[in-house]
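**Student:** Build me a model from this:
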Amino acid sequence: MNKKYFIEKNLLLKYFFYPIASVVSKLLIHTKIKPINITMLWIFIIFLTLLLNKAMAGIYILMLFLLAYFLDCLDGQFARLSKQTSERGKLLDDFGGEIFLFLFWYNCGVIIDNELNFISTTKLSLFICLLIFLKNSFSLRSLILIRDIQYQTSKDEGSSSKFSINRIMKMPFSFGELMWPLVFACYYMNFLHLFMFIYAIYQIASFVLIFNNGIRNTESF
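**Tutor:** Predicted coordinates:
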């Protein structure tokens, strides 16, 4: 997916995470820290949650993931500013992004099991991880190209930042839009298990649509 398109459609990325990352990047430019160091740090943090998820309160685990998410924004911003971009860094960042999603939802399941005494939420989180994996596997290159073309068209029309019904419907399930506020709100109100159930339904519908579009696109070649 086009990087600019991804940033444009996520309000928290565009107006919060990336502006802060830009400021921090300028502070790091004269240090010995490299972008790859930041990438390794946030990947280490998300794996560390596997050791801490049963010993720490859920809110701290969620905050660790929020920190990792910001560092993920920072490494790319810093790499571009310092002109230290590399294919290895991009590959590691993309791989880490997939692991981030899996570990995030798995930890949500563990948090619910630990604090609400549920016994099946971890299985639901693993099911969500499977859905994400399958959806990504069927995201054919043709679909990515279509998104890039749509982004370029919307950019030319000057409408890339406008709201639409489709965008509003997707906002609760996008990590740059309302995902983080909703996750923390649901945690405090003990509704995180309900949110995960709704997210699983969303992933099933999303997978079916992507699979169907992928089949249609391959048949058109």
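**Student:** and the top helix by length along the chain, which residues are buried?
**Tutor:** Ordering each helix of the chain by length in residues (DSSP state H) puts helix 87-116 first. Across helix 87-116, burial judged by 16 or more other C-beta atoms under 10 Å covers 89, 92-93, 96, 100-114. Glycine gets a C-beta too; all of them are placed from N, C-alpha and C.
**Student:** what do you get for stretch 27-41?
**Tutor:** Buried residues in stretch 27-41, counted by 16+ other C-beta under 10 Å: 28, 34, 35, 36, 38, 39, 40.
**Student:** ok, now stretch 122-133?
**Tutor:** 122, 124, 125, 127, 128, 129, 131, 132.
**Student:** residues in contact with the helix or strand that the longest helix of the chain is followed by?
**Tutor:** Later in the chain than helix 87-116, the nearest helix or strand by DSSP states H and E is helix 121-137. Helix 121-137 has contacts (C-beta atoms under 8 Å, 6 or more residues apart in numbering) with 98, 101-102, 105-110, 112-113, 193, 196-197, 199-200, 203-204, 206-207, 210.
**Student:** Please pull out the lowest mean pLDDT helix or strand from this protein.
**Tutor:** helix 141-157 (a mean of 48; mean pLDDT, DSSP states H and E).
**Student:** What is the burial count for residue 74?
**Tutor:** Applying other C-beta atoms under 10 Å, we find 23 residues neighbouring residue 74.
**Student:** show me the contacts for residue 120.
**Tutor:** Not one residue lies near residue 120 by C-beta under 8 Å, 6+ apart.
**Student:** okay, it: pLDDT?
**Tutor:** pLDDT recorded at residue 120 is 72.
**Student:** related to what we said a few turns ago, quick one: which of the buried residues of stretch 122-133 is nearest residue 77?
**Tutor:** Nearest to residue 77 among those: residue 132, at 25.2 Å, using C-beta to C-beta.
**Student:** what about the closest one, distance to residue 12?
**Tutor:** Separation of residue 132 from residue 12 (C-beta to C-beta, to the nearest Å): 20 Å.
**Student:** same check, this time on residue 209
**Tutor:** 25 Å.
**Student:** who has more neighbours, those two?
**Tutor:** Counted by other C-beta under 10 Å, residue 209 and residue 12 do not tie: residue 12 has more neighbours, with 18 against 11.
**Student:** wait, that one sits on residue 73?
**Tutor:** No: Residue 12 lies out of contact with residue 73 (C-beta atoms under 8 Å); the separation is 9.8 Å.
**Student:** coming back round to it: would you turn the buried residues of stretch 27-41 into TSV with pLDDT, distance to residue 20 and secondary structure?
**Tutor:** TSV is the format used below for these (pLDDT from 0 to 100; distance: C-beta to C-beta, whole Å; DSSP: H, G, I helix; E, B strand; the rest coil):
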residue	pLDDT	distance to residue 20	secondary structure
28	89	13	helix
34	88	20	coil
35	88	16	helix
36	88	20	helix
38	91	14	helix
39	90	17	helix
40	90	20	helix
